[in-house]
Structures are given as structure tokens and as C-alpha cells.
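Peer 1: Okay, structure incoming, though there's no sequence with it:
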């Protein structure tokens, strides 16, 4: 075979080396042994991680303290956003409430302050990247660096796709999806500098399975889960150490926040509609235990994982049997 060799004069010469059959066989054996060893190491790592995950399932990690953390929550003026703000405030966090509804947002802040908590109100249209960047600068100067970012703001058009207008679809993607990207670009760099932070994204079970009357909404929530997984990989594969930044993706089923106008539940005992307070208990617990992803109720996570193994037509029978979802508004 030919090798290109550099010599001191700066010129390069092609020199022909002859590889004997014995050398070629030896090299192939060496490569085969190394590949086998690498596969064995991979198998050991996979089994060790699997057993560790089983252990953590039965012995969950202790909840971390969030006292003193600066928690920014979008959509804090009502529903789950407000309940999360109240819950984190009770745990000693400094709350940054962000909403386009100034009166609702201020009401959340007032409730927290009445309970001797710390909270700040910021009016912002999260569909505007410029508005988010301007707000981020003000928060740094007036409150400090955000250490827990909760992308909660969302809208949910609920009607058949062909009856959904262009504006509704664009707004859904801007609020439910693009806003997450703008918020990440605004607040993630500071977390990376300190190797400390937690990003929480509100997805949905509509981001796990497709549901009728929610085509654009499902698209946005599937996108949120994909973005969170991709951000995790960017941080994990970066040569710098970002192990101090955690990510949690939340996938509730139906929560009574006012967005779900016409829920359809065949078995209420199995598919219970949760109050915002009940849902937030699960969400805050997941953040404090640093879970990567949860569904609410938690059983749906394992049911979905199990049935994804089967051919696509098989879980459809379960879906038809449960017969749950949302009717068009």
C-alpha cells in the first residue's frame, strides 16, 4: 500500500510499503478483539445504567432545596403558572412572574407577597424575541440571574384542522414552541457560565400521542419534547462540564385550567381531570428530584413506553377503548 511521508526538506514522497499476509491477518485480529472489548464495555454500561434506573425507581432521589433560587415562570398570571409560582414561593424561591396579562400577573405577585414571599412582575409578549431579551436584561439588573426557567405559557386551539385558521396556528407555534427557543437563548448562557440551572418545559400528553381536534397543538407539544431532548444532548456532548444544568419536560393529560373546554372522559376513575394544584404538586416534585420527563398521571408514561413496542395498530385499540380526549370548541 502507498503512504505519503514528509521529510525534512519539506517535500513529500510516496513510498511503497508491502504488507505481508501475516501482518494483515494480525491487524484484522487486533481490530476484531478491540471491537469485541468495546461491545462488552458497552453492554456492561447499559446493564449497570438499567439496574441503577430500577434502583432509583424504587428509591427516588431526595428532593433538592430550591430556597433562594430565582424562578422565572411564564404564564404566571393564572392556572398552573400561578400555582407553580405560589408553590415555589412557599419553598423559599424568589419568583419572577412573566405574563402578557398585567393584572393577573400582578395578582399572583400580590398573593405571594401577602404570604411573606418574594416575587416580581414583568409584562412580556413571549412571542417577541426582542421583548424577551429586553426583559432578560432588566431581570438581571433588578433581580439577578435566573436559575430555574419554567416555560409554561401556552394556548390551545381545539377544533378540527380544516376549521383552524392561519392566525390560530401561527399563534400556537409562536407561544407554545418558538417562545421556548427565545427564552432559552436569553437565559441559558448565564446558566452555562455558572454550570448551574434548571430548565422546565411544559409539553403535554398531546406531545406524546396524537389527538383529534388538536393537530396544531400536538405539533407544538411534540416539538417541545424534541427541543428539550436536543438541548440535553448539546449540553451532554459539549466538552465543557454542564452537568449542573438539569432539564425536566412535563407532559400532563387533562388539567382543569380553563383551556380544556370540552373534555371527553369515558372512565373518570382511570383518566381523572386534575386540578392545577394537584398537577403542580407533581411538577414541583419532578423538578426537585431532577426527573428528565414525567407524565401526569405518571402511569401514562409507562403505558405509552410499553405500547410503543407494538405495531402501530395495536395501541389504537387501547386508545379506542379509553375513548378520551377533547371535543371541538
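Peer 2: Arrived safely. Because the structure is predicted, anything quoted here is derived from the model rather than measured.
Peer 1: What segments of this structure are strands?
Peer 2: Remark: strands assigned in the chain by DSSP state E are 2-6, 12-16, 70-74, 94-99, 118-123, 148-151, 197-202, 245-252, 263-264, 293-296, 325-326.
Peer 1: Tell me the pLDDT of residue 19.
Peer 2: Reported pLDDT at residue 19 in the predicted model: 54.
Peer 1: What of residue 26?
Peer 2: 78.
Peer 1: Around it, count how many other residues there are.
Peer 2: 12 (other CB atoms under 10 Å). Heads up, the C-betas are built off the backbone N, CA and C, glycines and all.
Peer 1: so what's it up against?
Peer 2: Counting by CB atoms under 8 Å, 6 or more residues apart in numbering, residue 26 touches no other residue.
Peer 1: okay, the strands of the chain in JSON lines with mean pLDDT and distance to residue 38 next?
Peer 2: As requested, these are arranged in JSON lines below (pLDDT from 0 to 100; distance: least, CB to CB, whole Å):
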{"stretch": "strand 2-6", "mean pLDDT": "46", "distance to residue 38": "27"}
{"stretch": "strand 12-16", "mean pLDDT": "49", "distance to residue 38": "32"}
{"stretch": "strand 70-74", "mean pLDDT": "98", "distance to residue 38": "43"}
{"stretch": "strand 94-99", "mean pLDDT": "97", "distance to residue 38": "47"}
{"stretch": "strand 118-123", "mean pLDDT": "97", "distance to residue 38": "51"}
{"stretch": "strand 148-151", "mean pLDDT": "98", "distance to residue 38": "38"}
{"stretch": "strand 197-202", "mean pLDDT": "97", "distance to residue 38": "33"}
{"stretch": "strand 245-252", "mean pLDDT": "95", "distance to residue 38": "29"}
{"stretch": "strand 263-264", "mean pLDDT": "67", "distance to residue 38": "51"}
{"stretch": "strand 293-296", "mean pLDDT": "90", "distance to residue 38": "29"}
{"stretch": "strand 325-326", "mean pLDDT": "66", "distance to residue 38": "47"}
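Peer 1: so where is the chain shaky, pLDDT-wise?
Peer 2: Residues of the chain meeting the criterion pLDDT under 70: 1-23, 258-271, 322-329.
Peer 1: Find the centremost residue of it, please.
Peer 2: In the chain, the centroid-proximal residue (CA atoms, centre = their mean) is residue 249; its distance is 3.1 Å.
Peer 1: hang on, the earlier thing: mind putting the strands of the chain into JSON lines with distance to residue 57?
Peer 2: Formatted as JSON lines, these follow (distance: least, CB to CB, whole Å):
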{"stretch": "strand 2-6", "distance to residue 57": "54"}
{"stretch": "strand 12-16", "distance to residue 57": "60"}
{"stretch": "strand 70-74", "distance to residue 57": "27"}
{"stretch": "strand 94-99", "distance to residue 57": "31"}
{"stretch": "strand 118-123", "distance to residue 57": "35"}
{"stretch": "strand 148-151", "distance to residue 57": "25"}
{"stretch": "strand 197-202", "distance to residue 57": "21"}
{"stretch": "strand 245-252", "distance to residue 57": "17"}
{"stretch": "strand 263-264", "distance to residue 57": "30"}
{"stretch": "strand 293-296", "distance to residue 57": "13"}
{"stretch": "strand 325-326", "distance to residue 57": "29"}
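Peer 1: So for residue 29, which of those strands sits nearest?
Peer 2: Shortest distance between residue 29 and these, using CB to CB, is found for strand 2-6: 21.9 Å.
Peer 1: Compute the distance between residue 59 and residue 289, please.
Peer 2: 11 Å (CB to CB, to the nearest Å).
Peer 1: Please say which of the two ends up with more neighbours.
Peer 2: Shown here are residue 59 and residue 289; by other CB under 10 Å, residue 289 has more neighbours (16 against 8).
Peer 1: Just give the nearest non-adjacent residue to the more buried one, would you?
Peer 2: Nearest non-adjacent residue to residue 289, counting by CB to CB, 6 or more residues apart in numbering: residue 61, 5.1 Å away.
Peer 1: Would you check that residue 204 makes contact with residue 251?
Peer 2: Yes: between residue 204 and residue 251 there is a contact under CB atoms under 8 Å: 5.7 Å.
Peer 1: which residues do those two both contact?
Peer 2: Residues touching both residue 204 and residue 251 by CB under 8 Å, 6+ apart: residue 221.
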